[in-house]
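Enquirer: Can you look at this prediction? I've put the sequence above it.
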Amino acid sequence: MSNERLRDALLRNGLTPKQVADATGVDQKTVERWITKGRTPYPKHRHKIAAMARESEAYLWLDSVAPERKTETAAAEVVRVFPHRNAIPVELWNRLIKEASETVEVLVHAALFLVERPRFIKDLTAKAQAGAKIRLILGDPEGESVALRGDEEQLGDGTLAARIRNALAFYRALIGVEMRFHNTTLYNSIFRFDDEMIINTHVYGFQGAHAPSLHPRRLSAGDLFETYSRASKPSGTSPSPPPSRRPPMARVDYYNDPNAPKANSIAVAVSAFIQDDEGRILMIRRTDNDLYAIPGGQLELGETLAQAAVREVREETGVECEVTGVIGLYSNPNHVIAYDDGEVRQEFSICFRANTLGGHVRGSSESSEVVWVKPERLEGIAIHQSIRLRVGHALEGSSQVYFS
């Protein structure tokens with residue numbers, strides 16, 4: 001029986017039987033018998049070949065490593081265990097991303113936290129252009145498995161799908177990267193960087209950021225890394241998202257981004273922070289960028305700021321409200337919004353606190369969803385940083401008005 005794994009590994013790395021023979025000090029026919037007859041080399045030869053083929057011994061020769069040794073090696077493969085993904089040091093993510101030169105594979109639902117890193121997209125593009133194999137497999141936002149996982153994490157209807165669409169808005173800038181959708185139950189999110197991984201386990205009822213994570217490193221005789229490596233390539237994936245499935249991109253927010261386009265306009269905008277009797281926050285899912293936000297919009301001629309806030313809430317949510325105070329004035333010149341028509345607007349917004357008076361919750365052309373969100377659920381929702389800042393100030397309940 002031939003050893004097709006060995007044959008494939010040598011071909012992928014451009015290695016010929018003669019090169020392997022020269023490196024191991026054996027006859028070329030011996031190497032050919034390892035491939036065509038499935039014979040197992042001596043341990044010293046296996047070590048050399050595994051290093052040349054960049055595969056583990058346990059993968060290339062299934063029965064070559066004794067079960068007891070596999071068990072011992074598996075323990076050695078685990079560099080560290082983290083109680084939850086949020087406990088993984090930023091320095092570790094930075095090193096893994098920076099040092100990966102051959103393979104980056106990501107199997108996740110959304111992994112929105114990755115695209116929030118300023119250089120992640122640029123780094124992946126650069127690695128792909130340098131010849132690295134980059135594969136990203138995201139959850140299908142229209143698939144049943146994403147809806148089920150969202151329910152299990154108690155994120156709220158459609159929240160996980162929105163996070164995926166938001167991530168896609170960033171990933172669309174990638175060049176030379178393989179992107180696919182999956183519609184399968186994920187027991188782990190897998191982040192592979194050459195011969196190291198981060199395994200984010202999935203625990204029922206917990207968001208990924210709060211679930212335990214492992215940091216394994218491949219060892220030649222080990223089987224643990226190899227198992228997760230095979231699991232990072234699920235069957236039944238669909239090709240990269242077709243344009244019709246990508247989120248509408250009427251606007252793109254640039255926040256403290258040195259590569260942002262230069263602002264060419266400024267306008268007065270208002271927003272309203274509203275809580276119900278249970279403390280839940282009134283939020284919309286915007287149709288122009290698919291992110292969740294508090295309702296708001298632009299001041300129109302002939303109305304006051306407070307009237308504009310009341311009108312925007314009514315138009316976007318169907319809720320009637322009254323303004324009761326000012327939370328903050330936001331005018332960060334490093335936050336600009338680029339629109340499809342070429343306008344690049346600098347942020348200038350007044351955020352009000354308001355109370356509900358009545359009305360009936362409904363969506364609009366500007367809001368695909370209207371939801372009441374508990375404050376403790378905000379972390380799991382795709383919200384722009386500028387909106388998080390305003391909501392954070394509102395929840396602090398300070399009598400002082402924030403301004404920038």
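Expert: Yep, that arrived.
Enquirer: I'd assumed Thr201 was in contact with Ile190.
Expert: No - shown here, Ile190 and Thr201 do not form a contact pair, counting by C-beta atoms under 8 Å, at 10.3 Å. Heads up, the C-betas are built off the backbone N, CA and C, glycines and all.
Enquirer: Now list whatever residues contact both of those two.
Expert: Common neighbours of Ile190 and Thr201 are not found (criterion: C-beta atoms under 8 Å, 6 or more residues apart in numbering).
Enquirer: Look at these two and report which has more neighbours.
Expert: A count of neighbours by other C-beta atoms under 10 Å puts Ile190 above the other of Ile190 and Thr201, at 21 against 15.
Enquirer: The more buried one belongs to a strand?
Expert: Yes - per DSSP: H, G, I helix; E, B strand; the rest coil, Ile190 lies within a strand segment.
Enquirer: pLDDT wise, what is it at?
Expert: In this model, Ile190 is scored at 94, pLDDT.
Enquirer: Next up, the contacts around it.
Expert: Glu105, Val106, Leu107, Val108, Met197, Ile198, Ile199, Asn200, Tyr228, Ala231, Ser232.
Enquirer: 6 Å instead?
Expert: Leu107, Tyr228, Ser232 (C-beta atoms under 6 Å, 6 or more residues apart in numbering).
Enquirer: Could you tell me the model confidence score at the closest residue to Lys262 other than its chain neighbours?
Expert: Distances taken as C-beta to C-beta, 6 or more residues apart in numbering place Val344 nearest to Lys262, at 6.5 Å, with adjacent residues excluded. At Val344, the model reports a pLDDT of 89.
Enquirer: Run through the stretch 51-200 of the chain and note the low-pLDDT ranges.
Expert: 62, 64-74, 172-173, 175 (pLDDT under 70).
Enquirer: From Arg54, how far out is Ala272?
Expert: 56 Å (C-beta to C-beta, to the nearest Å).
Enquirer: neighbour-wise, which of those two wins?
Expert: Taking other C-beta under 10 Å, Ala272 and Arg54 do not tie; Ala272 has more neighbours (30 against 14).
Enquirer: Any idea what that one is bridged to?
Expert: Phe352 (DSSP bridges).
Enquirer: now Thr103
Expert: Thr103 has these beta-bridge partners by DSSP bridges: Lys133.
Enquirer: Isn't it up against Lys133?
Expert: Yes - proximity of Thr103 to Lys133 meets the contact threshold set by C-beta atoms under 6 Å, at 5.2 Å.
Enquirer: Neighbour count: these two, which is higher?
Expert: Neighbours were tallied for Thr103 and for Lys133 using other C-beta under 10 Å; the higher tally belongs to Thr103 (17 against 14).
Enquirer: hmm, back to that, between the contacts of Ile190, which has the most around it?
Expert: Leu107 (25 neighbours).
Enquirer: Next SSE downstream of whichever strand or helix holds Val391?
Expert: Using DSSP states H and E, Val391 sits in helix 385-396. Using DSSP H and E, the next helix or strand after helix 385-396 towards the C-terminus is strand 402-403.
Enquirer: which residues does the residue nearest to the spatial centre of the chain contact?
Expert: The chain has Ala111 as the residue nearest its centroid, 1.8 Å off, counting by C-alpha atoms, centre = their mean. For Ala111, the contact set (C-beta under 6 Å, 6+ apart) is empty.
Enquirer: And it, its phi and psi?
Expert: Torsion angles at Ala111 (phi, psi; degrees, to the nearest 10) stand at phi 50, psi 50.
Enquirer: ok, now Ser398?
Expert: Torsion angles, degrees, to the nearest 10, at Ser398: phi -70, psi 150.
Enquirer: Count the residues that sit near it.
Expert: Ser398 has 11 nearby residues by other C-beta under 10 Å.
Enquirer: same check, this time on Ile383
Expert: 22.
Enquirer: Skipping adjacent residues, who's closest to it in space?
Expert: Tyr292 is the one closest to Ile383 (C-beta to C-beta, 6+ apart), at 5.0 Å.
Enquirer: Check Val319 too.
Expert: Gly359 (4.4 Å).
Enquirer: wait, isn't that neighbour in contact with Gly318?
Expert: Yes - between Gly359 and Gly318 there is a contact under C-beta under 6 Å: 5.1 Å.
Enquirer: which one of these two has more residues nearby?
Expert: Counted by other C-beta under 10 Å, Gly359 and Gly318 do not tie: Gly318 has more neighbours, with 16 against 13.
Enquirer: Glu105 versus the closest residue to the more buried one other than its chain neighbours, what's the distance?
Expert: Excluding the flanking residues, the one nearest Gly318 by C-beta to C-beta, 6+ apart is Arg362, at 4.0 Å. To Glu105, Arg362 is 42 Å away according to C-beta to C-beta.
Enquirer: Also Tyr292?
Expert: To Glu105, Tyr292 is 29 Å away according to C-beta to C-beta.
Enquirer: In terms of neighbours, single out the busier of these two.
Expert: Relative neighbour count places Tyr292 above the other of Tyr292 and Glu105, with 26 against 20, counting by other C-beta under 10 Å.
Enquirer: returning to that earlier point: pull out the buried positions in the helix holding Val391.
Expert: By neighbour count on 16 or more other C-beta atoms under 10 Å, the buried set for helix 385-396 is Ser386, Ile387, Leu389, Arg390, Val391, His393, Ala394.
Enquirer: How about stretch 25-36?
Expert: For stretch 25-36, using 16+ other C-beta under 10 Å, the buried residues are Val26, Thr30, Val31, Arg33, Trp34, Ile35.
Enquirer: domain assignment for the chain?
Expert: Structural domains annotated on the chain: 4-61, 75-245, 251-403, as defined by automatic domain parsing.
Enquirer: Kindly indicate whether the residue nearest to Gly318 is helix, strand or coil.
Expert: At Arg362 the chain is in coil, as set by three-state DSSP.
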